[in-house]
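Novice: Provided below are the primary sequence and the corresponding predicted coordinates.
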Amino acid sequence: MRRTSARFTLAGATAASAVALAVVSATTASGSPAAQQEPAAAAAGPIGFGAATTGGAGGSTVTVTTASAFTSAVQSSATQIVRVNGAINLTGMTKVASNKTVVGVGTAGRITGYGLNVANANNVIIQNLTFTGSDDDAINVQYSTNVWIDHNDISDAYDGGVDIKRASNNITVSWNRTHDQDKNMLLGHSDSNASEDTGKLKVTYAFNWFDGTNQRNPRVRFGNPVHVLNNYFSDIGSYGVASTENAGVLVEGNYFENTDDPYHLGEGDSDAGSLVARNNCFVNSGSGQTGGSVASIPYSYTVQSPCTVKSTVSAGAGVGKI
């Protein structure tokens, strides 16, 4: 079955006060504890596929307030925690090198103009930043592994909010609020890229607030398994999750509100993938489309009761909540 996105509505909301981050505990496939960050990154370590990510932990810490200082710091070859204090206006997509934590100070860290490009990198954390008004993607990840994108506010990117593609792997996208965004989160850029992407694109999307975003929450090609866990979908315009091109997506423990099409198989010219839905909560929403089988999730995790996810995520997602 093939689907074509059509309508686009926007809805905004204000997050409530913060709640504890440690709602879900996880271990890696080998049973070792999820990696913890240095206190400068201000949150517990990632769960799911990106659990081994440590970013700049163990390296030096630098605080930047200008675009030139920011670019120099994130492109350095050193292991480093880069603290962003103020608005950074980028004039092009800016590459982030390996072994970096890029983290906003309080609620002050903002990235405008263009976004961040995590390309051919390993071990990168992007956290507690407001991304708005990019002339391209807000965050692009390609040919990269061990990436954690956490507690950001993402809106008004010309292209994607968070796009992950080209053989990237072992990534967690958690506790982000995305809003005022059409094409939100793409996983796998092309139907013709099976040779690079098959066996890769393993991503955990957990505790994100998809707030009035139109489509691609996420739209998945080839990744199997992909885990969409305990997210809050509110006022979604065209569709929530789409599984295409041999992907396998587990949609588990999510809260769907005012979402006519929570999830389906196929999208546009892309053929259907597989999607299994388990223990979701629906409020004024459709029932979704499932089919096929999904590979087993290779890490331990706990599912929050789905009908409590709205309050948890709306209170805890976004900047200033860690």
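Specialist: All right, it came through fine.
Novice: My read is that Val147 contacts Ser174, right?
Specialist: No - counting by CB atoms under 8 Å, Val147 stays clear of Ser174, with 11.4 Å between them. Quick note: C-beta positions are derived from backbone N, CA and C, even for glycine.
Novice: residue boundaries of the helices in the stretch 51-200 of the chain?
Specialist: Ranges of helices in the stretch 51-200 of the chain, per DSSP state H, counting those that start in this stretch, are 67-74, 194-197.
Novice: could you dump the next helix or strand after the shortest one to PDB, C-alpha only?
Specialist: Same thing as helix 194-197. Counting by DSSP states H and E, the next helix or strand C-terminal to helix 194-197 is strand 203-206. C-alpha atoms of strand 203-206 as PDB (Å, rounded to 0.1, in the frame of the first residue of the first chain):
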ATOM      1  CA  VAL A 203      17.400   4.000  15.900                       C
ATOM      2  CA  THR A 204      15.400   4.400  19.200                       C
ATOM      3  CA  TYR A 205      12.900   7.300  19.300                       C
ATOM      4  CA  ALA A 206      11.800   7.600  22.900                       C
END
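Novice: Buried ones in strand 203-206, by neighbour count?
Specialist: For strand 203-206, the neighbour count (16 or more other CB atoms under 10 Å) marks Val203, Thr204, Tyr205, Ala206 as buried.
Novice: Check the helices of the stretch 51-200 of the chain for me and report the most buried one.
Specialist: helix 67-74 (a mean of 18; mean count of other CB atoms under 10 Å).
Novice: For it, name the packing helices and strands.
Specialist: Counting contacts by 3 or more CB pairs under 8 Å, 6 or more residues apart in numbering; DSSP states H and E, helix 67-74 packs against strand 60-64, strand 80-84, strand 87-89, strand 94-95.
Novice: winner for burial among the ones you listed?
Specialist: Most buried of those, by mean neighbour count (mean count of other CB under 10 Å): strand 80-84, with a mean of 24.
Novice: ok, residues contacting it?
Specialist: Contact with strand 80-84 is made by 38, 40-41, 55-57, 59-64, 70, 73-74, 99-105, 108-111, 129, as judged by CB atoms under 8 Å, 6 or more residues apart in numbering.
Novice: 7 Å instead?
Specialist: By CB atoms under 7 Å, 6 or more residues apart in numbering, the surrounding residues in contact with strand 80-84 are 38, 40-41, 56, 59-64, 70, 73-74, 100-105, 109, 129.
Novice: Quick check: which of the helices of the stretch 51-200 of the chain is nearest to Phe282?
Specialist: With CB to CB as the criterion, Phe282 lies closest to helix 194-197 of those, at 30.9 Å.
Novice: ok now that closest one, how far from the chain's centre?
Specialist: 21 Å (CA atoms, centre = their mean, to the nearest Å).
Novice: Equivalent analysis for stretch 51-66, please.
Specialist: Put simply, stretch 51-66 sits 19 Å off its chain's centre (CA atoms, centre = their mean).
Novice: Count the residues that sit near Ser305.
Specialist: The number of residues packed near Ser305 is 12, by other CB atoms under 10 Å.
Novice: and the helices and strands packed on helix 67-74 as TSV, adding mean pLDDT and distance to Gly161?
Specialist: Formatted as TSV, the helices and strands packed on helix 67-74 follow (pLDDT from 0 to 100; distance: least, CB to CB, whole Å):
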stretch	mean pLDDT	distance to Gly161
strand 60-64	98	23
strand 80-84	98	18
strand 87-89	98	18
strand 94-95	98	16
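Novice: Asn152: which of these is closest?
Specialist: Across the helices and strands packed on helix 67-74, closest to Asn152 is strand 80-84 (CB to CB), at 11.2 Å.
Novice: what angle do that closest one and strand 60-64 make?
Specialist: Here the directions of strand 80-84 and strand 60-64 differ by 20 degrees (axes from the mean of the first three to the mean of the last three CA atoms, to 10 degrees).
Novice: So in that sheet, which strands flank strand 80-84, and in what orientation?
Specialist: Sheet partners assigned to strand 80-84 using DSSP bridges are listed as strand 60-64 (parallel), strand 100-104 (parallel).
Novice: can you list these in CSV and add distance to Glu252?
Specialist: Formatted as CSV, the strands paired with strand 80-84 follow (distance: least, CB to CB, whole Å):
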stretch, distance to Glu252
strand 60-64, 36
strand 100-104, 28
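Novice: Gly115: which of these is closest?
Specialist: Between these, strand 100-104 lies closest to Gly115; by CB to CB that is 11.5 Å.
Novice: and the gap between the nearest residue to Gly188 once chain neighbours are set aside and Gly237?
Specialist: Excluding the flanking residues, the one nearest Gly188 by CB to CB, 6 or more residues apart in numbering is Arg221, at 3.0 Å. From Arg221 across to Gly237, the span is 21 Å (CB to CB, to the nearest Å).
Novice: what does Gly188 give?
Specialist: Distance from Gly188 to Gly237, by CB to CB: 21 Å.
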